[in-house]
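Q: Got a sequence here, can you build the structure:
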Amino acid sequence: MSEAPRLHTAGTAALDRARELRPLIASEAAAGEALCRLTTPVVEALRDAGLFGIWVPVPLGGAELSPRELIAVFEELSYADPSTGWVVMASALESGTAGAYLGDEAVERMFKGPRTPIFAGQGTRPGTAVREDGGFRLSGRWSFASGMPHAQYVHSLGAIEGTGETRIFITPIDDVTMLGNWDVLGLRATGSIDYAIDGAFVPESQTHVFDRNEPLRGGAIYRLGILDLALIGHSAWALGIGRRLLDELIRHAGARAGRPGQIAGSDAFHADFARAEAAYRAARALVHETWDDTERTLDSGRRLDVRQETMVRLALNHATWTVAEVARFVYTSGGTSALRDGLIQRLFRDAHAGTAHITSGPRFLQECGRELAGLAPGESWQIFELQPSGT
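A: Down below sits the predicted model:
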């Protein structure tokens, strides 16, 4: 029996590069929102810095950061601009899982260039795949393809006709019809458009089963499987935007200190700010506590148990909704400055758009509560819900 892979760590180089890009990303954020996609200077800077490859396995030239290292990078990018953080964490997840789980022929084609290709797509509502010699014919329509305007490859969930087995299918961008439909409240610069694929042939090597959790290349992080991996990025995104919201309110209040009737002199505001800061820091501490524990488990060669699976889901849900409450507090405290188009208003809209993601929905929270209350004996996590083990 082969030994379980260990957890790879890469240090702070990627985080340092992300920090260097903060001024550029922040300065381009408003333009990206107006365009409903990231601007070209931001995308090119992210590619040049190697930040789309931070989840790609080391054997393919990626950085293969650990969970805590990924959280630090995505938190930094999301602080600079929540849409940028969202696009990078979604694309990096898709390129990382492609690199870990796809067949050799596929990764040789996709990862042979000097820079990591950009992936986009959607992995929750499946299209239909019909098996034929050497692969599948994939058709369907998907939504919320963050980063699609910049992508070279597309990551789509499909169910195989006749068996119902769900797989991830990777297709070149030329197989995709972009449908738009991204007129939304927040996270506008993510460009999370709808798209369609009509009978594209996908070689077997460019697919993997959806719940795969044993990598063909790379270390222990890929034993989490695609859903648990996604929780890393979404947790970090919430932490990044939450810190930025509070920091912007600090600047807003400080600029008005000493003026009569301003919030800087309000005892009620002081108490409310303290409560918001405490709530954010507590949520952040829970995220780091759960992923610290996860890293220790992975590095020991073990898999997460049911309680650990519960806690990484709960930490994300709690962080997302805590940040939504922080956003409401910052918005109401910002007065007419927040009402008008500007940074605080954009952060408020982005924070609330993030709560609509499936990983922060009420079903996750309900299932977490059921397990924590001891009401799910003999059950284990099957992607989005608890089910009797072995089903």
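Q: Run through the strands of the stretch 1-150 of the chain in chain order.
A: Here the stretch 1-150 of the chain has its strands, by DSSP state E, counting those that start in this stretch, at 119-132, 135-145.
Q: same thing with the stretch 251-391 of the chain?
A: 379-382, 385-388.
Q: any chance of those strands in a markdown table, with distance to residue 140, mean neighbour count and mean pLDDT too?
A: Bear in mind the C-beta positions are built from the backbone N, C-alpha and C, glycine included. Conversion of the strands of the stretch 251-391 of the chain to a markdown table gives the following (distance: least, C-beta to C-beta, whole Å; neighbours: other C-beta atoms under 10 Å; pLDDT from 0 to 100):
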| stretch | distance to residue 140 | mean neighbour count | mean pLDDT |
| --- | --- | --- | --- |
| strand 379-382 | 22 | 17 | 95 |
| strand 385-388 | 23 | 14 | 95 |
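Q: now those in TSV, with distance to residue 321?
A: TSV is the format used below for the strands of the stretch 251-391 of the chain (distance: least, C-beta to C-beta, whole Å):
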stretch	distance to residue 321
strand 379-382	20
strand 385-388	19
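Q: Nearest approach to residue 180 belongs to which of those strands?
A: The stretch from the strands of the stretch 251-391 of the chain with the least distance to residue 180 (C-beta to C-beta) is strand 385-388; that distance is 32.1 Å.
Q: out of the strands of the stretch 251-391 of the chain, nearest to residue 339?
A: Set against residue 339 and scored by C-beta to C-beta, these come closest in strand 385-388, at 39.9 Å.
Q: counting contacts, what elements does the worst-scoring helix or strand of the chain on mean pLDDT pack onto?
A: Of all regular secondary-structure elements in the chain, judged by mean pLDDT, DSSP states H and E, the least confident is helix 335-339 with a mean of 84. Using 3 or more C-beta pairs under 8 Å, 6 or more residues apart in numbering; DSSP states H and E as the contact criterion, the elements in contact with helix 335-339 are helix 306-333, helix 343-354.
Q: out of the strands of the stretch 251-391 of the chain, which comes closest to residue 365?
A: Judged by C-beta to C-beta, the one of the strands of the stretch 251-391 of the chain that comes nearest to residue 365 is strand 385-388, at 11.6 Å.
Q: show me what contacts the nearest residue to residue 284 once chain neighbours are set aside?
A: Leaving aside its chain neighbours, residue 284 sits nearest to residue 239 (5.3 Å; criterion: C-beta to C-beta, 6 or more residues apart in numbering). Applying C-beta atoms under 8 Å, 6 or more residues apart in numbering, we find residue 239 in contact with 71, 75, 78, 283-284, 287, 319, 323.
Q: Do me a favour and average the pLDDT over whichever strand or helix holds residue 239.
A: Secondary structure assignment for residue 239, by DSSP states H and E: helix 225-255. Averaging pLDDT along helix 225-255 gives 96.
Q: can you put the helices and strands packed on helix 335-339 in a markdown table and add distance to residue 254 and mean neighbour count?
A: Conversion of those to a markdown table gives the following (distance: least, C-beta to C-beta, whole Å; neighbours: other C-beta atoms under 10 Å):
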| stretch | distance to residue 254 | mean neighbour count |
| --- | --- | --- |
| helix 306-333 | 13 | 21 |
| helix 343-354 | 14 | 22 |
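Q: Take those and lay them out in a markdown table including mean pLDDT and distance to residue 119.
A: Written out in a markdown table, the entries for the helices and strands packed on helix 335-339 read as follows (pLDDT from 0 to 100; distance: least, C-beta to C-beta, whole Å):
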| stretch | mean pLDDT | distance to residue 119 |
| --- | --- | --- |
| helix 306-333 | 97 | 22 |
| helix 343-354 | 97 | 20 |
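Q: Serialize those to CSV and add fields for distance to residue 134.
A: Compiled in CSV, the helices and strands packed on helix 335-339 are given as follows (distance: least, C-beta to C-beta, whole Å):
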stretch, distance to residue 134
helix 306-333, 36
helix 343-354, 40
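Q: Figure out which of the ones you listed is closest to residue 182.
A: With C-beta to C-beta as the measure, helix 343-354 is the member of the helices and strands packed on helix 335-339 nearest residue 182 (11.1 Å).
Q: Show me the contact partners of stretch 207-216.
A: Contacts of stretch 207-216 from elsewhere in the structure, counted by C-beta under 8 Å, 6+ apart, are 5, 57, 97, 100-104, 123, 135-136, 157, 165-170, 222-227, 303, 382-383.
Q: Narrow the residues you listed to those that are buried.
A: Using 16 or more other C-beta atoms under 10 Å as the burial test, the contacts of stretch 207-216 include 5, 57, 97, 100-102, 123, 135-136, 157, 166-170, 222-227 as buried.
Q: Run through the residues that contact the closest residue to residue 25 other than its chain neighbours.
A: For residue 25, the nearest residue in space outside its immediate sequence neighbours is residue 80; the separation is 3.9 Å by C-beta to C-beta, 6+ apart. Applying C-beta under 8 Å, 6+ apart, we find residue 80 in contact with 18, 21-22, 25-26, 29, 240.
Q: same thing but 6 Å
A: Contact partners of residue 80, counting by C-beta atoms under 6 Å, 6 or more residues apart in numbering, are 22, 25-26.
Q: ok so, going back, can I get the least confident helix or strand of the chain as PDB, trimmed to CA atoms?
A: The C-alpha atoms that make up helix 335-339 are tabulated as PDB, following Å, rounded to 0.1, in the frame of the first residue of the first chain:
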ATOM      1  CA  GLY A 335     -24.600  58.000   6.100                       C
ATOM      2  CA  THR A 336     -24.900  59.800   2.700                       C
ATOM      3  CA  SER A 337     -21.300  58.800   1.800                       C
ATOM      4  CA  ALA A 338     -22.500  55.200   1.700                       C
ATOM      5  CA  LEU A 339     -25.700  56.000   0.000                       C
END
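Q: Look up phi and psi at residue 262.
A: phi -90, psi 160 (degrees, to the nearest 10).
Q: measure residue 269 to residue 169 for me?
A: 52 Å (C-beta to C-beta, to the nearest Å).
Q: which stretches of this protein have low pLDDT?
A: Flagging of the chain using pLDDT under 70 yields the residue ranges 1-2, 391.
Q: how does it look with 80?
A: 1-3, 258, 260-261, 390-391 (pLDDT under 80).
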